[in-house]
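# Pasting the sequence and the predicted model now:
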Amino acid sequence: MIKAQDAEFYNEQGYLLVKGVFNRQEVEAMRSGVEGILKRAIEQKRDGNHAWQGDFVPPEEMKKLVLKGFHDVHYHDAAFTQAVVHPNMTAILSRLIGPNVQLHHSKMLVKPPENGAVFPMHQDYPYFPHEKHTMLAASVHLDDADVENGCLHVIPGSHKSGPLPHVGRHYLDAKQYPVSSGIACPAEAGDVLFFNYLTIHGSPANRSERTRRNVLFQYRSATDFPTVNTHFDWGMGLMVCGENPNLDKVRPDFEIK
């Protein structure tokens, strides 16, 4: 699915856009999955606004911004379970991470038309720090994305700076790192943007009349372990390719109550 020079680009720049990972039918199945989750959330009064709060945009604008999000989508619709271990995905992951790859978690992010929320520039590292920094995000595009409807922006090579101080663990200083400091990564439905969890990234608000739906899968090496007991999930550690060489570390350390 990718070549050696693509893996080299990822290692140097901290990100890689891969075209056409999922076909039209697979994208449509995931779109239906997203819409089904949103419908059930409304019916069960679990619907809410997941837009980040902070001083990175003026307060009056913040009140208007909306983000529909839901974690662990592979528990809610089989289309996402199939996508997590899709042969095209595992072929790429084995080149970017190594032969033994685990799922960490999944989530969906929906930016509605005209007022879809901005994501200030940040690293994912503060949420789930790991020893070897193999963690990456695979952002699956379910709609065509451009600057107008809030596509992802990344700062190439920023993963080499290591962990940076964040405002309340959430985002970087917006004056020092505005979204415009990154390069836009426009993509088409079915494309996947892979980026290391140390790569600085964010996205502008959706100002278009088009919805922007993304599903995010976080993956790591089976030999990369968390340094802090945070962001645990029942399905964390699912093997998506290769094998787990550690018989005593096959699931997170938690208790069922």
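Arrived safely, thanks for sending. What you see is a predicted model; the values in this text were computed from it and never measured.
# Which parts of the chain are helices?
Taking DSSP state H, the helices of the chain run over residues 4-13, 24-43, 59-62, 78-84, 87-96.
# what about residue 190, neighbour count?
Using other C-beta atoms under 10 Å, residue 190 has 20 neighbouring residues. For every residue, glycine as well, the C-beta is placed using N, CA and C.
# can I assume it is in contact with residue 20?
Yes - the criterion here is C-beta atoms under 8 Å, and residue 190 meets it with residue 20 at 5.4 Å.
# still on that earlier bit, is it possible to get CSV of the helices of the chain that adds mean pLDDT, mean neighbour count and distance to residue 175?
Shown next, in CSV, are the helices of the chain (pLDDT from 0 to 100; neighbours: other C-beta atoms under 10 Å; distance: least, C-beta to C-beta, whole Å):
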stretch, mean pLDDT, mean neighbour count, distance to residue 175
helix 4-13, 98, 14, 25
helix 24-43, 92, 16, 34
helix 59-62, 48, 10, 16
helix 78-84, 98, 19, 37
helix 87-96, 98, 19, 32
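# I'd like the distance between residue 202 and residue 122.
As judged by C-beta to C-beta, to the nearest Å, residue 202 and residue 122 stand 6 Å apart.
# what touches both of the two?
residue 171 (C-beta atoms under 8 Å, 6 or more residues apart in numbering).
# Of these two, give the one with the bigger neighbour count.
residue 202 (25 against 22).
# what about stretch 6-21, start to end distance?
End-to-end distance for stretch 6-21: 14 Å, by C-alpha to C-alpha, to the nearest Å.
# which residues sit against it?
With C-beta under 8 Å, 6+ apart, stretch 6-21 has contacts from 1-2, 86, 88-89, 92, 95-96, 140, 154, 156-160, 185, 187-188, 190-196, 198-199, 201.
# So among the residues you listed, which ones count as buried?
1-2, 86, 88-89, 92, 95-96, 140, 154, 156, 158-159, 185, 187, 190-196, 198-199, 201 (16 or more other C-beta atoms under 10 Å).
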